[in-house]
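**Q** have a look at this fold, sequence not included:
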């Protein structure tokens, strides 16, 4: 038998197997029909309200610093926020009574329930307002209106109008991303 005249053929499996492995490793996210889908990396301008914490008390991982204050010192807060953009169905910029920029948060049913609990437990107490994990200012939880369940809350504070507009612009996408099953 003369092997010098025969040609060696590469089995089809040897070609398809590496291609299939690449497809699995890269994932389907690179296909054109999935490029427009937004995910967790697209989140921006997330608003959170945090309970203040005393750093002198050792609470382990239950507290964390928020940076962004004018003096550069961290504001210590409870790690788990009291309220987040995940419970806000839509946000829109608004004007507060004192003619400064304010943030109007339209709450989903779960957010309305949480807000009712927060007002009962924290009314009159300060909380730290953060955007994307950066401290913005202290805000006092208002007292509840008797017999009325709030569908929206307005956070007036030292907002910059541009920031409130950006938060409002990203709100719907953030809410939809945060509602997707993990």
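**A** That came through fine. Small disclaimer: the values here were computed from a predicted structure and weren't measured. Numbers count the residues shown, from 1 in each chain.

**Q** for stretch 149-157, measure first residue to last.
**A** Using C-alpha to C-alpha, to the nearest Å, the span of stretch 149-157 from its first residue to its last is 23 Å.

**Q** let me fix that: stretch 143-160
**A** The first and last residues of stretch 143-160 sit 25 Å apart, counting by C-alpha to C-alpha.

**Q** so which bits of stretch 100-119 are buried?
**A** Neighbour-count burial for stretch 100-119 flags 101-108, 111-112, 114-115, 118-119 (criterion: 16 or more other C-beta atoms under 10 Å). C-beta here means a position set from N, CA and C on the backbone, and glycine is covered the same way.

**Q** how much space separates residue 142 from residue 154?
**A** From residue 142 over to residue 154 the distance is 9 Å, taken as C-beta to C-beta, to the nearest Å.

**Q** could you check the pLDDT of the closest residue to residue 50 other than its chain neighbours?
**A** Of all residues beyond its chain neighbours, the one nearest residue 50 is residue 77 (3.6 Å), with distances taken as C-beta to C-beta, 6 or more residues apart in numbering. For residue 77, the model assigns a pLDDT of 94.

**Q** same thing with the one 3 residues further on?
**A** pLDDT recorded at residue 80 is 91.

**Q** burial of the spatially closest residue to it that is not a sequence neighbour, as a residue count?
**A** Once flanking residues are discounted, residue 80 sits nearest to residue 62: 7.9 Å by C-beta to C-beta, 6+ apart. By other C-beta atoms under 10 Å, 12 other residues sit near residue 62.

**Q** so residue 62 sits against residue 78, correct?
**A** Yes. With contact defined as C-beta atoms under 8 Å, residue 62 reaches residue 78; the gap is 6.3 Å.

**Q** got any residues that touch both of these two?
**A** By the contact definition C-beta atoms under 8 Å, 6 or more residues apart in numbering, residue 62 and residue 78 are jointly contacted by residue 53.

**Q** in the protein, which spans are strands?
**A** Here the chain has its strands, by DSSP state E, at 47-51, 63-66, 75-78, 83-84, 88-95, 101-107, 126-131, 134-140, 152-156.

**Q** figure out which of these is closest to residue 172.
**A** strand 88-95 (5.9 Å; C-beta to C-beta).

**Q** look at the most centrally placed residue in the chain and report its pLDDT.
**A** Centroid check for the chain by C-alpha atoms, centre = their mean gives residue 46 as the closest residue, at 4.0 Å. Note for residue 46: predicted pLDDT of 88.
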